[in-house]
Structures are given as structure tokens and as C-alpha cells.
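Asks: The sequence and its predicted three-dimensional model are supplied below.
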Amino acid sequence: LLGDVDVGAMARAAADLAAAVDALRPIVPPALVATVRVDVVTPIGRISIRGTGDDTYPSSDGDALLIVDLGGNDTYRTTVGATASVTNGVSVLVDLSGVDDYGYDEVAHARDVGPAGHRRLPSDVDGRLDPSPADTYGPSSRSRTSRQGAGRLGIGLLYDLGLDGDHYRSLRMSQGDGALGVGMLFDEGGNDVYEGEAATQGAASAGIGLLVDLGGDDERVAYHASQAFAYSRGVGVLYDAAGTDTYFAHPSDVLYWSPQNPGGSNSSFCQGVGFGRRDDTGGLYMSGGIGILRDAVGDDRYTCGIFGQATGYWYGAGLILDGAGADHYDGQWYVQGGDAHFAIAALLDGGGNDVYGETATRMNAA
């Protein structure tokens with residue numbers, strides 16, 4: 001499969017697309033564009049232009065090649081900035097301003113409800129797994145839909161411009177995820193909320209995944225393989241330029257099995273993680289990728305379960321590069337520069353009165 005996919009070529013093409021968007025900034029729309037509506041259907045996706053009004057993009061819109069929204073408080077329920085089918089190899093969204101809501105069609109599932117204090121998201125049409133009471137993992141999402149800056153076998157770019165606070169919500173493979181492709185979510189600023197479960201917020205597997213946020217007090221919630229996570233041949237990056245930010249990888253609402261603490265903790269693999277494939281029986285080993293979380297400045301709080309906050313597994317490399325600020329780091333095992341099996345991990349904090357392990361039940365290797 002890797003022999004048939006040239007991620008390097010996609011990365012070069014994604015860089016060209018990004019340069020084209022940058023060349024058009026700043027874009028100042030005319031005053032009389034509130035009701036603009038243009039739709040052109042092409043063989044590789046729809047091209048849409050909307051004005052400065054409050055627009056809604058329903059899930060029924062289908063594959064998008066290019067969406068340009070000139071402003072307004074918009075609602076997105078379609079797979080914006082994310083490749084959606086075998087014919088939709090490129091998807092780009094540029095939203096110029098507004099308090100925008102990026103989400104999906106929610107389909108309630110009985111196992112969406114977790115213990116007190118949980119942060120589970122509502123399911124989509126694919127529902128959740130159904131483990132038996134004896135299992136030591138939980139009802140993780142079965143969602144198969146990428147959203148919000150995701151490239152699967154292609155390029156997906158989401159640009160949200162302006163300094164308004166936005167809300168991003170998707171279950172898996174979203175918010176800057178690259179799987180055999182390149183995915184990026186770029187937010188120019190504002191107090192934003194990012195919610196996901198797995199493979200979100202700067203995650204990659206044999207590809208490049210980027211989440212870039214240039215300012216604001218942001219909240220990020222995930223469970224597994226997120227917030228600067230990289231699997232084999234992947235580079236996952238989360239870059240936050242400024243603000244008092246929260247990085248939360250739920251430690252104890254157990255959806256993802258942990259061999260270190262079965263049934264008691266999640267295998268987080270969040271917040272600067274390089275992860276590889278160890279196969280002692282079949283011998284199909286795959287060296288891990290490179291995960292980098294860079295938060296330049298701010299009083300930030302990091303929380304995870306097992307494996308996180310600068311960690312690596314099986315020849316992977318995971319880094320947290322935190323600049324100035326009074327930060328809190330809470331994790332349980334293989335965290336804060338703790339790694340396993342020929343990996344590299346480093347937590348570099350540039351300054352401030354920091355606290356390590358204030359609330360976490362620390363177990364080992366931290």
C-alpha cells in the first residue's frame with residue numbers, strides 16, 4: 001500500500017495550496033455580499049461560495065472540493081476541508097470570519113453516557129462498540145467519517161480566519177489528521193473549543209497531520225491517539241502560539257484498553273507521541289512516527305492517562321516544547337519524558353512556575 005501512495009508528492013501539493021491561500025490574505029469582502037450563493041458541481045467535488053450571512057452547510061451537501069465563506073456565524077455539518085470519497089482527493093475550506101460551529105449529525109447511542117465527569121461526544125450514524133461486561137476496554141466510537149481538516153489518501157485543509165471563538169466537534173480522524181495523506185486545521189485566533197475522541201487534533205498515520213492555532217484561550221478534549229500523535233511514517237504536530245490553554249485526554253473514562261492498568265485507565269497516546277507497531281509473533285514491525293506539541297506561551301494545563309505528555313513507543317519520537325508560563329502536567333505512566341521500547345521522548349519547558357503530578361495518580365515511569 002505504501003508503495004502505491006506518494007505522501008511526499010501530496011505534501012508538496014498541500015504546501016502549494018497553502019501558499020495560494022496565504023497569497024490571498026487579507027481578504028476583505030465587499031459590503032454587499034451577504035446573500036452570495038454559488039455552487040458548481042465538478043467530478044472531484046463541489047465548489048461553493050457563500051456571503052457574509054449566517055450560513056448552514058448540511059451533511060447532505062456531499063463531497064466538497066472548495067468552499068469559500070466570506071463571513072458570518074456559520075454552521076457546518078458536512079465534511080468540510082476533509083477528503084470524503086475515492087473521487088474527492090482534495091478538499092479546502094476558507095472561512096473568513098464569524099463564530100462558527102463545526103460539527104456533525106448526532107445520532108444518540110445508549111453508550112454515549114459515561115461516568116460522572118465524562119467528556120464523551122454524541123455518536124454519529126456509526127455508533128459505538130459493544131464490549132461485554134468482562135472486557136477491560138470501553139464503547140469507543142465506530143465513526144468512519146473524517147471531518148474538519150483531514151486528508152485520507154488526499155489533502156484536506158481547513159482555514160478559519162479571524163479572531164472569533166469557534167467550536168470544533170468530531171469523533172475520529174478529524175481536526176488536522178493525515179492518513180496516507182495531509183490534513184490541516186488552521187485557526188487564526190479566538191477562544192476555541194476542540195472536541196474529539198481519537199485520531200484528532202494533529203494526528204498522523206503514514207501522513208502529515210497539523211493543528212495550528214495562533215491565539216486565544218483554547219480547550220482541547222480527546223481520548224486516544226490525538227493532540228500531536230504520530231504512527232508509523234507519520235508526523236503529527238499541534239502548534240499553539242499563545243493563550244491559556246487546556247489539553248485534556250480523559251484518563252479514567254475507559255474507552256481504549258491499557259495493558260498497564262486494564263479497566264482503570266485509557267491508553268492515551270496524546271500530547272506529543274510517536275508510536276510504532278510491535279509484533280513479536282508475526283515479525284511485522286513498524287517504527288513509530290514523530291509527534292510534536294509546541295505551545296509557545298501561556299499558563300497551560302495538560303492531563304492524560306497512560307502514555308502521553310512527551311512519550312514514545314517502538315522507535316517513535318514524542319516531544320512537548322512548551323514556552324513560558326505557569327503550567328500543570330498530570331499523567332500516570334509513561335508520561336513527561338517517559339517512554340518504552342527504543343523510543344525517544346523529551347519534555348522541554350521554557351520557563352515559569354510549573355507543577356507536575358498535582359492531581360494524577362502517578363504509577364510509574366514519569
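Replies: The structure has been received and is ready for your questions.
Asks: can I assume residue 60 sits in a helix?
Replies: Yes. For residue 60, which was evaluated using DSSP: H, G, I helix; E, B strand; the rest coil, the result is membership in a helix.
Asks: What is the burial count for the spatially closest residue to residue 343 that is not a sequence neighbour?
Replies: In space, residue 343 comes closest to residue 312 once its chain neighbours are excluded; the distance is 2.9 Å by C-beta to C-beta, 6 or more residues apart in numbering. Every residue, glycine included, has its C-beta placed from N, CA and C. By the criterion of other C-beta atoms under 10 Å, residue 312 has 31 neighbours.
Asks: Can you name every helix or strand that whichever helix or strand residue 312 is part of contacts?
Replies: Secondary-structure element containing residue 312, defined by DSSP states H and E: strand 311-313. Applying 3 or more C-beta pairs under 8 Å, 6 or more residues apart in numbering; DSSP states H and E, one finds that strand 311-313 contacts strand 273-275, strand 333-335, strand 344-349.
Asks: What is the longest one packed up against?
Replies: With contacts taken as 3+ C-beta pairs under 8 Å, 6+ apart, strand 344-349 sits against strand 311-313, strand 317-324.
Asks: Mean confidence (pLDDT) on stretch 120-127, please.
Replies: Averaged across stretch 120-127, the pLDDT comes to 97.
Asks: buried residues in it?
Replies: By neighbour count on 16 or more other C-beta atoms under 10 Å, the buried set for stretch 120-127 is 120-124, 127.
Asks: Dump the C-alpha coordinates for that stretch into PDB.
Replies: Extracted as PDB, the C-alpha positions of stretch 120-127 are listed here (Å, rounded to 0.1, in the frame of the first residue of the first chain):
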ATOM      1  CA  ARG A 120     -17.900  11.600  25.700                       C
ATOM      2  CA  LEU A 121     -19.200  13.000  22.400                       C
ATOM      3  CA  PRO A 122     -22.600  12.000  21.000                       C
ATOM      4  CA  SER A 123     -22.300   9.300  18.400                       C
ATOM      5  CA  ASP A 124     -22.800   9.700  14.700                       C
ATOM      6  CA  VAL A 125     -24.600   7.100  12.500                       C
ATOM      7  CA  ASP A 126     -21.900   4.500  13.100                       C
ATOM      8  CA  GLY A 127     -22.500   4.300  16.800                       C
END
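Asks: Please identify the most buried of the helices and strands packed on strand 311-313.
Replies: Sort the helices and strands packed on strand 311-313 by mean neighbour count, taking mean count of other C-beta atoms under 10 Å, and strand 273-275 sits at the top with a mean of 34.
Asks: and it, average pLDDT?
Replies: Here the average pLDDT along strand 273-275 is 98.
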